[in-house]
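Peer 1: got a structure for you, letters missing:
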């Protein structure tokens, strides 16, 4: 029985890495994205800010975006902080969802 499960690959989905598994229903937002390394021991992070929704919705969106991009991050003070410089991928994903994302390029 266990062997049948291992051989049956129908439980795996064939989605591209640029699609969110469960798109979060947040109204269209005007967001800002930029990267910075200030106060982070020289490590670059991408910051996404400008949300007009609840903290729970921001946390759910952050969780799905981190899973899609395959990176770590956190939510602090209404901003999503991603590890590394992933602005271009982040902007393309959020634009597909209908959000307006501006690259501040700090």
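Peer 2: Done, it's in. The structure displayed is predicted, hence computed values, not measured ones.
Peer 1: give the next helix or strand downstream of the helix ranked longest in the chain.
Peer 2: When the chain is parsed with DSSP state H, its longest helix is helix 55-69. Remark: after helix 55-69, the chain's next helix or strand is strand 73-76, criterion DSSP states H and E.
Peer 1: which residue ranges of this structure form strands?
Peer 2: Counting by DSSP state E, the chain has strands at residues 30-36, 45-49, 73-76, 79-83, 100-103.
Peer 1: among these, which is nearest residue 58?
Peer 2: strand 73-76 (5.6 Å; Cβ to Cβ). For the C-beta atoms, the positions are set from N, CA and C on the backbone; glycine is no exception.
Peer 1: quick one: mean pLDDT for that closest one?
Peer 2: Mean pLDDT, strand 73-76: 94.
Peer 1: run the chain-centre distance for it.
Peer 2: Distance of strand 73-76 from the chain centroid (Cα atoms, centre = their mean, to the nearest Å) equals 11 Å.
Peer 1: other SSEs contacting it?
Peer 2: Judged by 3 or more Cβ pairs under 8 Å, 6 or more residues apart in numbering; DSSP states H and E, strand 73-76 is in contact with helix 55-69, strand 79-83.
Peer 1: can you redo the strands of the chain as CSV with distance to residue 55?
Peer 2: Below are these laid out as CSV (distance: least, Cβ to Cβ, whole Å):
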stretch, distance to residue 55
strand 30-36, 16
strand 45-49, 13
strand 73-76, 7
strand 79-83, 11
strand 100-103, 20
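Peer 1: much appreciated, bye for now.
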